[in-house]
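S.K.: below is the structure, and that's it, no one-letter string:
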């Protein structure tokens, strides 16, 4: 590892720690109350811990799985001191995430390598207000910094503000943006973006989509049409469908994930706005419940605050090394 890589990783870890500070403080204070006056992990401590995880937006099903794993360890080790609880939580949650999604995310999140000589295509979905446009801009900026030639398709044609915001990010990132007039057919924008990117030997195409959850059937039809039109240009596009969720909404993020996974084939997740909330546990629950890998997390406003999700670093940041 070079000196630059060392400082880069150190800065990422500091940003992660700072971004998860509210969640960490909330979880630690709840655990402290859960074990107050106790010396060993017994049924009462486990009941209290279950409540801690559920109120930290880990989700009921995932919480029960974690508690079951800890119960097995307690039964095996017979006597377990409450001082060991943070370490046990860290180990079991990390193991659970690893079982669901073995292997690590790439340095840039996805491989972002061309497929059969064509650009790598990512369709980005999510409701309005979750940070979808900002996430696209930050990914584009990180990719161009890594030497990738990036195109962005502004297929959220129902909001002029979304197109304008994306244009600002594209300029800032040094990416090429393909747009049409507001109200244009989103699939037509996607078609133009892929056609232009392919003709100009681009490496990556990021396609923004409308964030309307007016009804599941309408959403499904719209996303299916965009997919079908893209495949006329690049047969295996999109290579990834990235769902962006607002981590600060807690349980509402679960509902959004449910709606979108029913509407289209979501292959990866980005969970944003974790720095402004104590609901960071939602990352654990959503990853476990939907069996879809979390690839990015947002822990601040800066471009470098969109981080590739490192499961072990995330759990270590929450529960200590």
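M.R.: On my side now, so go ahead. Please read these numbers as outputs of a predicted model, since none were measured by experiment.

S.K.: and the most centrally placed residue in the chain, how close does it get to residue 32?
M.R.: Centroid check for the chain by C-alpha atoms, centre = their mean gives residue 270 as the closest residue, at 1.8 Å. Distance check for residue 270 against residue 32: by C-beta to C-beta, to the nearest Å, it reads 32 Å. (Each C-beta comes from the backbone N, C-alpha and C, glycine too.)

S.K.: pLDDT weak spots in this protein?
M.R.: Segments of the chain classed as low confidence (criterion: pLDDT under 70) are 1-8, 78-79, 213-215, 320-321.

S.K.: can you give the domain ranges for it?
M.R.: For the chain, automatic domain parsing gives the domain ranges 3-100, 120-310.

S.K.: turn those domains into CSV, columns for distance to residue 112.
M.R.: Putting the domains of the chain into CSV (distance: least, C-beta to C-beta, whole Å) gives the following:
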stretch, distance to residue 112
domain 3-100, 18
domain 120-310, 5
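
S.K.: what's next to stretch 167-186, contact-wise?
M.R.: Applying C-beta atoms under 8 Å, 6 or more residues apart in numbering, the contact partners of stretch 167-186 are 133-134, 136-138, 140-141, 143-144, 150-160, 163, 166, 188-189, 192-193, 196-197, 200, 202, 206, 209-210, 222, 225-226.

S.K.: in helices only, show me those.
M.R.: Among the contacts of stretch 167-186, the members found in helices (DSSP state H) are 133-134, 136-138, 140-141, 143-144, 160, 163, 166, 188-189, 192-193, 196-197, 222, 225-226.

S.K.: mind checking which of the residues you listed are buried?
M.R.: For the ones in helices among the contacts of stretch 167-186, a burial check counting by 16 or more other C-beta atoms under 10 Å picks out 133-134, 136-138, 140-141, 143-144, 163, 166, 189, 192-193, 196-197, 222, 226.

S.K.: neighbours around residue 77, how many?
M.R.: With neighbours defined by other C-beta atoms under 10 Å, the count for residue 77 comes to 12.

S.K.: repeat that for residue 30.
M.R.: Under the neighbour criterion other C-beta under 10 Å, residue 30 is assigned a count of 17.

S.K.: who touches it in this structure?
M.R.: The neighbourhood of residue 30, defined by C-beta under 8 Å, 6+ apart, consists of 51-52, 55-56.

S.K.: switch to 7 Å and redo it
M.R.: Residue 30 sits next to 52, 55-56 when contact means C-beta atoms under 7 Å, 6 or more residues apart in numbering.

S.K.: what helix or strand is residue 76 on?
M.R.: Assigning secondary structure by DSSP states H and E places residue 76 in helix 60-77.

S.K.: and that helix, which residues are buried?
M.R.: Applying 16+ other C-beta under 10 Å to helix 60-77 flags 62-63, 65-67, 69-70, 74 as buried.

S.K.: then stretch 92-104?
M.R.: Under the neighbour-count criterion of 16+ other C-beta under 10 Å, stretch 92-104 has 92-94, 96-97, 100-101 buried.

S.K.: between those, which is closest to residue 250?
M.R.: If you rank the buried residues of stretch 92-104 by distance to residue 250 using C-beta to C-beta, residue 93 comes first, at 17.5 Å.

S.K.: regarding the closest one, what is its secondary structure?
M.R.: On the three-state scheme (DSSP: H, G, I helix; E, B strand; the rest coil), residue 93 is labelled helix.

S.K.: setting the sequence-adjacent residues aside, check what's closest to it.
M.R.: With sequence-adjacent residues excluded and distances taken as C-beta to C-beta, 6 or more residues apart in numbering, residue 93 is closest to residue 315, at 5.3 Å.

S.K.: now the helix or strand harbouring that neighbour: buried residues?
M.R.: Element membership for residue 315, per DSSP H and E: helix 311-319. When burial is assessed from 16+ other C-beta under 10 Å, helix 311-319 yields the following buried residues: 311, 313-319.

S.K.: show me what contacts residue 275?
M.R.: For residue 275, counting by C-beta under 7 Å, 6+ apart, the contacting residues are 19, 299-300.

S.K.: same thing but 8 Å
M.R.: When the contact criterion is C-beta under 8 Å, 6+ apart, the partners of residue 275 are 18-22, 298-300, 305.

S.K.: could you tell me which residues within stretch 208-223 count as buried?
M.R.: Buried, per 16+ other C-beta under 10 Å, within stretch 208-223: 208-211, 213, 219, 222-223.

S.K.: fine, thanks again, bye for now.
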